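Asker: everything below, folded, please.
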Amino acid sequence: MLSKRIIPCLDVKDGRTVKGINFVDLRDAGDPVELAAQYAKQGADELVFLDITATHERRKTMIEMVKSVARQLNIPFTIGGGITEIADAEALLNAGADKISINSAAVKNPQLIEDLAKTFGVQFVVLAVDTKHINGKNIVHLNGGRLITELETESWIKQAENLGAGEILLTSMDHDGTKQGFDCDLLGKINKMINIPIIASGGAGKTEHFTEVFQKAGVDAALAASVFHYGEILIPDLKQELKRNNIPVRI
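Answerer: So this is what the prediction gives:
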């Protein structure tokens, strides 16, 4: 059985990490390179960097940062934010990113998914989906939730898989920031519909939530930000806990 992956997510703005981070021995909590190295040492399986300046202010993701991270890091990392065309993705992959994540641009131009998959391979393309429950339906949102679409989450994810997305990063906006647990029902439902890996995001508050999402929803990976950044959950402890629950993890 494939190991389940634990993925810290770092929001980056102007090449600096945002969201307070309180690792004790960090000289510079805003330095994505130093943070990335710290997470790798702790046992993170992958990292996701989201450039939050990019989509909203239409700024291209920092290639320099990707180069620096790639030089330091021995685990795979995904970069997202502001990728709207093949040239953007190519620049980031050439700079050392392992995968790229697209969200708004794919909704506006679904053909982008197919183009990226054909150019670089399915395994490089992560589709990020922000979903919210509205009037009994799961609806796709864009631009960090500022923009509601008419797309139903289930059909959009299925379409993306058919176009060549290699992985789905699904964030439940209803659960995000609540620390009350992942949206296991929705994640489980979508996991049964598709044959590509799914990364759960939104709602992690304690170690049991990770155990629960792997056991109940059967997802391939779980992502979180603040619980890791603030040291509320330490990755070595989390992995021991998962192992005790017979969930396969890389120790």
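Asker: quick one: the strands in the stretch 51-200 of the chain?
Answerer: In the stretch 51-200 of the chain, the segments counted as strands under DSSP state E, counting those that start in this stretch are 77-80, 99-102, 125-134, 137-142, 147-152, 167-172, 198-201.
Asker: how about the fourth one: buried residues?
Answerer: Applying a neighbour-count criterion of 16 or more other Cβ atoms under 10 Å, the buried positions in strand 137-142 are 138-142. In this view, the C-beta of every residue, glycine as well, is placed from N, C-alpha and C.
Asker: tell me the one of those residues nearest residue 209?
Answerer: residue 138 (19.9 Å; Cβ to Cβ).
Asker: contacting residues around that closest one?
Answerer: Going by Cβ atoms under 8 Å, 6 or more residues apart in numbering, residue 138 touches 131-132, 152-154, 186.
Asker: any chance of the strands of the stretch 51-200 of the chain in TSV, plus mean pLDDT?
Answerer: What follows is those, written out as TSV (pLDDT from 0 to 100):
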stretch	mean pLDDT
strand 77-80	95
strand 99-102	97
strand 125-134	97
strand 137-142	97
strand 147-152	96
strand 167-172	97
strand 198-201	98
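Asker: of those strands, which is nearest residue 90?
Answerer: Counting by Cβ to Cβ, residue 90 lies closest to strand 99-102 out of those; the figure is 9.4 Å.
Asker: residues in contact with residue 73?
Answerer: Under the criterion of Cβ under 8 Å, 6+ apart, the neighbours of residue 73 are 36-37, 40, 47.
Asker: what do you get for residue 241?
Answerer: Taking Cβ under 8 Å, 6+ apart as the contact definition, residue 241 lies against 207-208, 210-211.
Asker: model confidence for the closest residue to residue 210 other than its chain neighbours, exactly?
Answerer: Taking Cβ to Cβ, 6 or more residues apart in numbering as the measure, residue 210 lies nearest to residue 222, with 5.2 Å between them; neighbours along the chain are not counted. In this model, residue 222 is scored at 98, pLDDT.
Asker: could you do residue 26 as well?
Answerer: Looking at residue 26, its pLDDT is 51.
Asker: count the neighbours of residue 83 for me.
Answerer: As a burial measure, residue 83 scores 26 neighbours (other Cβ atoms under 10 Å).
Asker: do the one 3 residues further on as well
Answerer: If you count neighbours by other Cβ under 10 Å, residue 86 ends up with 14.
Asker: that one and residue 114 touch, don't they?
Answerer: No. When contacts are counted by Cβ atoms under 8 Å, residue 86 is not listed as touching residue 114 (11.1 Å).
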